[in-house]
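> only geometry, no sequence info:
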């Protein structure tokens, strides 16, 4: 990985991983036809076209990205990847989270981010929105922009080659005065970032915000980011996990969803390094899907490890299928 | 594969012609609700959380087999008795091609696949085929009669060996504690000679069985350590055999025999 210092005009890709973007469909059968990546598109009228065509690991300097998430697990996972890659490039990283800073940093640490050293070095900061974007539960686009530009100035003065800011926008779902200035703020961010060495990741809960607000603010972003989702319905969700890299399964899975599972596994394997299969939110897995995961790990190079995180009852299924005795496979109860 | 379960729980009720507590048709689209129904009935019949999950997985595997490789649909019948739960999955045989659904090859046991997994987790499994179709059955017993002793681990030294006595149910609720205790012993004791005294073990579920397998695998990875399973009650020894896992362990009739086996010069 390399990062370009201030003054360069080209925008380096911070994460070197290239993500294939198959527009995945199964056999065209209607019951499987959920979108591969979720996001929205606005287009025409000269507006920036925003689609969920970027992965969190693809963001570059001066990007103003719009992240939509569906559940806290999504938010923490994608943020951890954003923070991890930023720190790895020597950038300063600030996260304005909706949860207490302590919770925010512990969620990052749980996902493999070296939080302690980065905090100690002043390279990472986690903070609440009060006193930054808000003042006494009042929002003002001007004040929020002042805060951002001061962060950019501080970062430059401290000698970091660039700044990454993640902002959880969930505060705007509460009764906050001045929330109507949100589009002004997003527009201001877009202007401030152009040609700078800073990038901002605005985080919107897609269940909480109405589509009109999302469509309005999305126009000011250069990119839209969402977790790559291989399958989603009320009973099952299969998506990529970014930190640590792998896949995440939630709900119940059986042989009828073996195809999206196979695709998710194939893509996880295609990347380098160790793989995590996060099944902590999975309540049922049948023999054929468990076997598929075991077989996929069997084909990996000896240098790569696979961690299977799951409920003890599901762990038992893997043990009885022989996963406990396979080199490089670890079973983690959670 | 015959009905060789040590406890033919509920099968007497089935044979006596008692009406099942549940008689539900299923196809590929209704496996989710089938699982939810089985979970509710298993729990209501008194199965523990871990045992209910095992029942759901076993029934799912049988039903999925009928859907994928048999008639494409079938019926589940379930009986609950004070001794346990019996589920029968009825597969009417081949699809509508009119072919004679003789001894259906779809119901054979292949390592790692449906029926193989069912035999690892059920307390008894059987498959009976005739020209009219196949009936695959699983039994799950409701633990020991009376109130079982609460789970407990007791450690003692005996004849140069460490004896870990397991009392009560080794299941979803206790397998973590058991696994942790074995891992700690391996880490703390170079050249560990471990006797698992199972004389007072009441029953296990798949988590408990998996914890035993994991313990043996950990011991095997540590080349200086050895483990013998002593005093395993007869029905559980038969279960271990049915599950195809007996070869993984060294079994002894008593703790004394286990200590002798571990300390005699090899």
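Nice, I can see it. Keep in mind the model is a prediction, meaning the values are calculated, not measured. Numbering: from 1, shown residues only, chains lettered A, B, ... in the order given.

> can you get me a residue count around the closest residue to residue A:298 other than its chain neighbours?
By the measure of CB to CB, 6 or more residues apart in numbering or on different chains, the closest residue to residue A:298 outside its immediate chain neighbours is residue A:326, 6.6 Å from it. Just so you know, the C-beta spots here come from the backbone N, C-alpha and C atoms, and that holds for glycine as well. Number of residues near residue A:326 (other CB atoms under 10 Å in any protein chain shown) recorded here: 16.

> swap in residue A:212?
With neighbours defined by other CB under 10 Å, the count for residue A:212 comes to 8.

> buried sites along stretch A:126-136?
In terms of neighbour count (16 or more other CB atoms under 10 Å in any protein chain shown), stretch A:126-136 has its buried residues at A:126, A:128-129, A:132-135.

> start to end distance for it?
Counting by CA to CA, to the nearest Å, the length from the leading to the trailing residue of stretch A:126-136 is 19 Å.

> same thing with stretch A:67-77?
Using CA to CA, the span of stretch A:67-77 from its first residue to its last is 12 Å.

> name the residue of chain B that lies nearest to chain A.
Chain A sits closest to residue B:210 of chain B, with a gap of 3.7 Å, by CB to the nearest CB.

> so what's that residue up against?
For residue B:210, the residues meeting the contact criterion (CB atoms under 8 Å, 6 or more residues apart in numbering or on different chains) are A:315-316, A:319-320, A:324, B:175.

> which residues touch residue A:100?
If a contact means CB under 8 Å, 6+ apart, then residue A:100 has residue A:128 as its contacts.

> show me where pLDDT drops low in chain A?
A:1-53 (pLDDT under 70).

> right, I mislabeled it, should have said the stretch 1-150 of chain B
Across the stretch 1-150 of chain B, the ranges flagged by pLDDT under 70 are B:1-15, B:94-106, B:143-146.

> chain A contacts on that one?
In this structure, the stretch 1-150 of chain B approaches chain A at residues B:28, B:31-32, B:35, B:49-50, B:53, B:56-57, B:60-61, B:64, B:68, B:112-114, B:117, B:120-121, judged by CB under 8 Å from any CB of the partner chain.

> just checking, which of the residues you listed belong to strands?
Within the residues of the stretch 1-150 of chain B next to chain A, no residue falls in strands by DSSP state E.

> where does the residue of chain B closest to chain A land on pLDDT?
According to the predicted model, the pLDDT of residue B:210 comes to 97.

> got the residue ranges for the helices in the chain?
No chain specified, so I'll use chain A. In chain A, the segments counted as helices under DSSP state H are A:72-88, A:101-110, A:115-120, A:141-157, A:182-193, A:211-218, A:258-270, A:287-298, A:312-320.

> that's the other chain; I wanted chain B
With DSSP H as the criterion, chain B has helices spanning B:11-15, B:31-44, B:49-69, B:114-121, B:175-188, B:206-221, B:234-242, B:255-263.

> what's the local residue count around residue 215?
Unless you meant another one, I'm taking chain A. 15.

> sorry, I should have been clearer: chain B.
The burial count for residue B:215: 24, using other CB under 10 Å.
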